[in-house]
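# quick one: sequence plus predicted model below, questions after.
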Amino acid sequence: AQKITQTQPGMFVQEKEAVTLDCTYDTSDPSYGLFWYKQPSSGEMIFLIYQGSYDQQNATEGRYSLNFQKARKSANLVISASQLGDSAMYFCAMREDSGNTPLVFGKGTRLSVIA
Amino acid sequence: EPEVTQTPSHQVTQMGQEVILRCVPISNHLYFYWYRQILGQKVEFLVSFYNNEISEKSEIFDDQFSVERPDGSNFTLKIRSTKLEDSAMYFCASSEGTGDEKLFFGSGTQLSVL
């Protein structure tokens, strides 16, 4: 069964607008971590933001914020004030058990920022 | 800012040949990983490594694959006899392993098996 589901294969956003990339996850473990990574066309995987399952506040890192809704098992990424350089693939990932278990990735969402 | 470095960035090899992909994890990190991404597909876990031994591996990581930490800084992935389907981007990652679960990835090695 899919542990990480990203339902949007592609998204478009106007420059300077905000965009939300969806991610839902499936786990029975009470302790887990949620991650978002950006993969530009050059191929590298860039860590963006992390949310622990016990964190009370939604994570924020600059223009990135994570809308964590635990009961709904969703961890959507919000990018504010989109820039042309935000055009990339975005992967949601989860790690269970608070330990160093493998990171499991979703299929990704391709974001295109339009001028 | 410390980063995970991978060499080479591109590797082309003939089917049946051995390849070694190299990684230098972040220096104070204790856990090391290899992932791969076949073109257009999602990133898949291969293996994790801690305290000089494999801690977990996926079904993909069969007998053709091996990992090694030959010295205090390098972490290598060896594919003994490459197959066409091994063509992928291979990512090395590391994490502190002290309750900080964030994984930091290298820039990847694009392996092409001809």
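Looks like it arrived, so ask away.

# for A:His8, give its distance to chain B.
Careful, residue A:8 is Gln; it's not His. A:Gln8 sits 14 Å away from chain B when distances are taken as CB to the nearest CB, to the nearest Å. C-beta here means a position set from N, CA and C on the backbone, and glycine is covered the same way.

# wait, what's in contact with that residue?
With CB atoms under 8 Å, 6 or more residues apart in numbering or on different chains as the criterion, the residues that contact A:Gln8 are A:21-22, A:109.

# only the buried subset of those residues, as a ChimeraX command please.
If you want just the buried ones from the contacts of A:Gln8 in ChimeraX, going by 16 or more other CB atoms under 10 Å in any protein chain shown, the selection is:
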select /A:21,22,109
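
# okay, the contacts of A:Gln8 in CSV with pLDDT next?
Formatted as CSV, the entries for the contacts of A:Gln8 read as follows, by pLDDT from 0 to 100:
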residue, pLDDT
A:Leu21, 98
A:Asp22, 98
A:Thr109, 96
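
# for chain B, state which of the contacts of A:Gln8 is nearest.
Nearest to chain B out of these is A:Thr109 (CB to the nearest CB; 11.3 Å).

# tell me the bridge partners for the closest one.
A:Thr109 forms beta bridges with A:Tyr90, as assigned by DSSP bridges.

# and the contacts of A:Gln8 as TSV, adding distance to B:Gly108?
What follows is those, written out as TSV (distance: CB to CB, whole Å):
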residue	distance to B:Gly108
A:Leu21	22
A:Asp22	26
A:Thr109	19
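
# what about the most centrally placed residue in chain B, which SS state?
Most central in chain B under CA atoms, centre = their mean is B:Trp34, positioned 3.2 Å from the mean C-alpha point. Applying DSSP: H, G, I helix; E, B strand; the rest coil to B:Trp34 yields a three-state assignment of strand.

# wait, it touches B:Met89, no?
No - at 11.3 Å, B:Trp34 does not count as touching B:Met89 under the criterion of CB atoms under 8 Å.

# neighbours around the nearest residue in space to B:Thr82 that is not next to it in sequence, how many?
Leaving aside its sequence neighbours, B:Thr82 sits nearest to B:Val113 (CB to CB, 6 or more residues apart in numbering or on different chains; 4.6 Å). Under the neighbour criterion other CB atoms under 10 Å in any protein chain shown, B:Val113 is assigned a count of 19.

# surely B:Val113 is in contact with B:Gln14?
Yes - judged on CB under 8 Å, B:Val113 makes contact with B:Gln14 at a distance of 7.5 Å.

# any shared contact partners between those two?
B:Thr82.

# per-residue confidence at A:Ala1?
Reading off the per-residue confidence, A:Ala1 sits at a pLDDT of 57.

# can you tell me, leaving aside adjacent residues, what's nearest to residue 110?
Let's take chain A. Distance criterion CB to CB, 6+ apart; nearest residue to A:Arg110, sequence neighbours excluded, is A:Gly10 at 4.6 Å.

# chain B is the one I meant
Using CB to CB, 6+ apart and skipping the chain neighbours, the partner closest in space to B:Gln110 is B:His10 (4.8 Å).
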